[in-house]
Every structure is written in C-alpha cells, then in structure tokens.
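Student: Build me a structure from this.
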Amino acid sequence: ITGAKADHRFKLKSSHIEVILWKLAYRIFSHLNVPVSNEFKLGLKKGSSLPLDIPESVVDSISDDILLASRKALLIAGPNQPPSVHALIFVINQVLKNHGNTVGYNVLPFSQSDIVKKTSLDSILGFKKDVLAGRIETLLILGGNPVYSSPVDVGFSDLLSNLKDVIHLSQYYNHTSEYCDLVIPESHFLESWGDLVSTDGVVSFVQPMIKRMHDSFSDIEILSMLLGKYEDDFNLVQETHGVSPLDASWKKWLHDGMKSHSEKSSVFPFKDNGFSKSFDLALNYSEISDDLEVVFVPSFSLYDGRYANNGWLQELSDPITKLTWDNAALINPKTAKKLFLKSEDLVDISSLGKSIETVIFVVPGVADDVIVLTLGYGQNKIGRIGESKGFSVEKLRTSDSFYSLSGVTLIKNKGNYHLATTQEHGSMEGRPHYR
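Tutor: Down below sits the predicted model:
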C-alpha cells in the first residue's frame, strides 16, 4: 500500500535492498564527511561499487533529495529485512539528524529483557536446542499455532513428541493442538481484560466488549494458575495497578483508555564502537541475477493464518490484488511473459527438496523475477470456515529463509484454478455502457 501511494517507486528484489542502501550511505557519508572506522569505510566503498539494476543517476537523485531534506527525512526498513539493513537505516537516519525529529527510540522497562533482544526466530531455534538437550520437560503454549507457522526445519511437531507434558491454550483445535496432551479453550480478546504498554511508553487497558460466551480462560489467568493462585483477569489487572473498582483513578483510566501518556523519545548518538560488526561487510551479493526469488508476506486479512476461520475476513479482498478466499503466487507481467504463464495457471515451486503447489496471479508492481507468496492459507485444522482454503506455502520456509528465498524452481502444471477477485466486480462483461 505504501508503494502504491508513493510518488516514485523502484522495484527491487528483497536481496538487493542492502546494496542500494550501501550506495546511498556512501554518497551521504562522503557528502557530510562523517568520521567512521576503517572497517566501515571499506564496507562503504565495496558496497557502493556493487552492480544494481537501477541506474546510478537514480541513486544520485535519491541521495540528493535525502540530503536536502536532512532533519525532515525518514528512512524505514521493512520488518522482513535482515539486521544489517536495519543497522544501515539507523546510521543513515542518525547522520542526517533525523533522530529526535522524524524518528525516535524509547527506553522502556522491558527494553533490556531477553524477549526484546531476541527475535521470535532466535527464540524458537533456542527452544529447539533446549528440547534436544533435555532441558525442557513441560511446555505451555499460549495461543498461536507453531506447528503450522514455525520454520519447517525446526520440526516443531517432532519436538513436542520429545516432551513429557504439552499444554496448549487456543481458540481452535489446530495443527499444534493435535500434538498436545491438554488443550485449554482460550478467551477471545474481545471478552478479556488485560493491560498493554506501547512502544512509546503508553500504558493502556484491554476492556471486554461482551461477556464470555463459553468457559474459557485468558492468558494472564492461566499464568496466575501457574503461580498457585487463580483470579479472573479483571481482578488481576486491578491488582497489578493497585486499584479497586470504586477508585476514581480506575474509572478515569477506563474512560480515557489509558493510564499514562507517551514518554519522550531517546536519541542515541552514532558511535562506531564495534557497531559496524552488525553489518554484512562481506557483501556476498556479487552480480545481478535473474534467478527467481520468493518473498513471504502475511495476509492483509488472515495475518499468519490465525484469523483463517473468520468468514468476514476471508471475504475481505486484498487491497492490492482484490483476491478473496484464496492466496496466489504473485508475479509481474514481465516475469509471467518470460515464464509463459498467465493468471490461474497451476505451478509447482520448489527449493532444497521441498515443493508446494499454488496458482499464479499476474499483478503489476511486483519486482522482476520475484514471486510473492501470502501466508496463512491452506490449513487443514482451523475450523469449518478456514479449512482447505487457498494454498499452504509454509513448507518452503526454513530458519535461513524465513522471509525470503532465492534460487527457487518454478514448473508449470496442467490445468488451472479459478480465483475470486473483486477487481472485475463492476465489469460490464463486454456490454456497452448505453445504447
């Protein structure tokens, strides 16, 4: 959606984003004479000399615009980009003096906790090591469906088989529930109490919209049981914040929707004290390749598949493709022509011995030689509405290629698959507008 709204948009493979950032960094650092370490200088020089299928004049124009907008510019990296890309974005924003103006960073009470320092991927890989080493016997899973959504090489279902007791709090009996000893019904967030802390330090409250429809439990209620004392989530939230239902402060917080306002953002100065080690200074990317690259993206309506059993969300069309009730392999017209493909053709996409079947949908805007695969579909254990809708692509996701995958093979199959799209909802089907 951001790209569709942009005045200028340049299509790039996900693996090429870091290259253009090195080129921009080289121009910006050279123009501003930023002092950096010799290691970082080598990275800048090497990165700026790498080939890219965008003209150098375009990169010059982008850097000129960014320099002119210093203090008012903003560079943002997508959540699927590697740490080296985010580190480059941080440094460029810093030297342009954007920090404190267009972007800020907040120090929160939990900023230094392990759960923040590690990514979800790091955590699940660490969990695998602990299970195989025999350090875990009992596992409590609060929501989610890790058997379906975790990297295929983790083998989450096999790990669960190695544990003594596995308990799953879930709204649905899904792929993960099948491997658990006990499944506890989870309360919907619209029928639960809770509290939240936003990234800018705002403390707010989760208030239920309806009374619970079934005998279910929220996550904080389950955690309180583990501590040896069961209380409902309403009382737990009040105890956490030291109030009672009759307190004026509690009534005001519920009225305002928050307990505190945002904290002032903190600005961190750029000091190259080993910071450059987080960059991919090896820069293995050496040449422009026409190999196919897969990019995994969450669904706009189903996210990672957790909302697949919601018929209203299944019916909600994708804002770009306008597809409903299905996902597809998205490619642009140029790639489709090169591969002799058209919309609704069935194909096999394979990599490292793993293969999936899906359907092609041709849409402008996708980068050349890129296949966009939407997550969250093709589940066979999620509920009557969500089961067997669309194509599962999770089999291709590994811990090393969780967000994107290079060097895949695509083979066209016989037959086709009809897709439902609202793009042609107002079509006149060849009839004249008037007679």
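Student: could you pull out the helices for the stretch 101-250 of the chain?
Tutor: 114-117, 120-132, 146-149, 156-161, 219-226, 233-240, 248-256 (DSSP state H, counting those that start in this stretch).
Student: Tell me how far the last one lies from the chain's centre.
Tutor: Helix 248-256 sits 34 Å away from the centroid of its parent chain (CA atoms, centre = their mean, to the nearest Å).
Student: ok, now the first one?
Tutor: When C-alpha coordinates are averaged (CA atoms, centre = their mean), helix 114-117 and its chain have centres 17 Å apart.
Student: who touches it?
Tutor: 110, 123 (CB atoms under 8 Å, 6 or more residues apart in numbering). Backbone N, C-alpha and C define where each C-beta goes, glycine included.
Student: helix/strand/coil for the nearest residue to Pro151 once chain neighbours are set aside?
Tutor: Excluding its sequence neighbours, the residue lying closest to Pro151 (CB to CB, 6 or more residues apart in numbering) is Ser399, at 4.3 Å. Going by DSSP: H, G, I helix; E, B strand; the rest coil, the secondary structure assigned to Ser399 is coil.
Student: So what's the residue count around Ser399?
Tutor: Ser399: 15 surrounding residues under other CB atoms under 10 Å.
Student: OK, contacts around it?
Tutor: With contact set as CB under 8 Å, 6+ apart, Ser399 has these partners: 121, 125, 151, 153-154.
Student: would CSV of those with distance to Asp195 and pLDDT be doable?
Tutor: Listed next are the contacts of Ser399 as CSV, based on distance: CB to CB, whole Å; pLDDT from 0 to 100:
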residue, distance to Asp195, pLDDT
Leu121, 27, 86
Leu125, 30, 92
Pro151, 32, 93
Asp153, 36, 91
Val154, 32, 92
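Student: okay, among those, which ones form the most distant pair?
Tutor: Spanning the widest gap among the contacts of Ser399 are Leu121 and Asp153, at 11.5 Å by CB to CB.
Student: So in this protein, where's the weakest helix or strand by average pLDDT?
Tutor: In the chain, no helix or strand scores lower on mean pLDDT, DSSP states H and E than helix 114-117, which sits at a mean of 73.
Student: Now do the buried residues in that one.
Tutor: Across helix 114-117, burial judged by 16 or more other CB atoms under 10 Å covers no residue at all.
Student: Stretch 33-43 too?
Tutor: Buried residues in stretch 33-43 (16+ other CB under 10 Å): 34, 36, 40, 43.
Student: Quick check: the residue nearest to the first one when sequence neighbours are not counted vs Leu74, distance?
Tutor: Right, Val34. In this structure, Val34 finds its nearest non-sequential neighbour in Val95, 5.0 Å apart by CB to CB, 6+ apart. Remark: distance between Val95 and Leu74 (CB to CB, to the nearest Å) = 14 Å.
Student: quick one, which of those two is more surrounded?
Tutor: Val95 (17 against 13).
Student: From the contact counts, what lies against the longest strand belonging to the chain?
Tutor: Across the chain, the longest stretch assigned as strand under DSSP state E is strand 404-416. Strand 404-416 sits against strand 292-297, strand 345-351, with contacts defined as 3 or more CB pairs under 8 Å, 6 or more residues apart in numbering; DSSP states H and E.
Student: for the lengthiest helix in the chain, packing partners?
Tutor: Longest helix in the chain, counting residues (DSSP state H): helix 17-32. Packing partners of helix 17-32 (3+ CB pairs under 8 Å, 6+ apart): helix 38-48, helix 56-68, helix 83-95.
Student: Tell me what angle the first one forms with helix 56-68.
Tutor: If you take axes from the mean of the first three to the mean of the last three CA atoms, to 10 degrees, helix 38-48 sits at 130 degrees to helix 56-68.
Student: and stretch 369-389, what's its mean pLDDT?
Tutor: On average, the pLDDT along stretch 369-389 is 90.
Student: sorry, back to before: what angle do helix 17-32 and the longest strand of the chain make with each other?
Tutor: Going by the same axes, to 10 degrees, strand 404-416 makes 140 degrees with helix 17-32.
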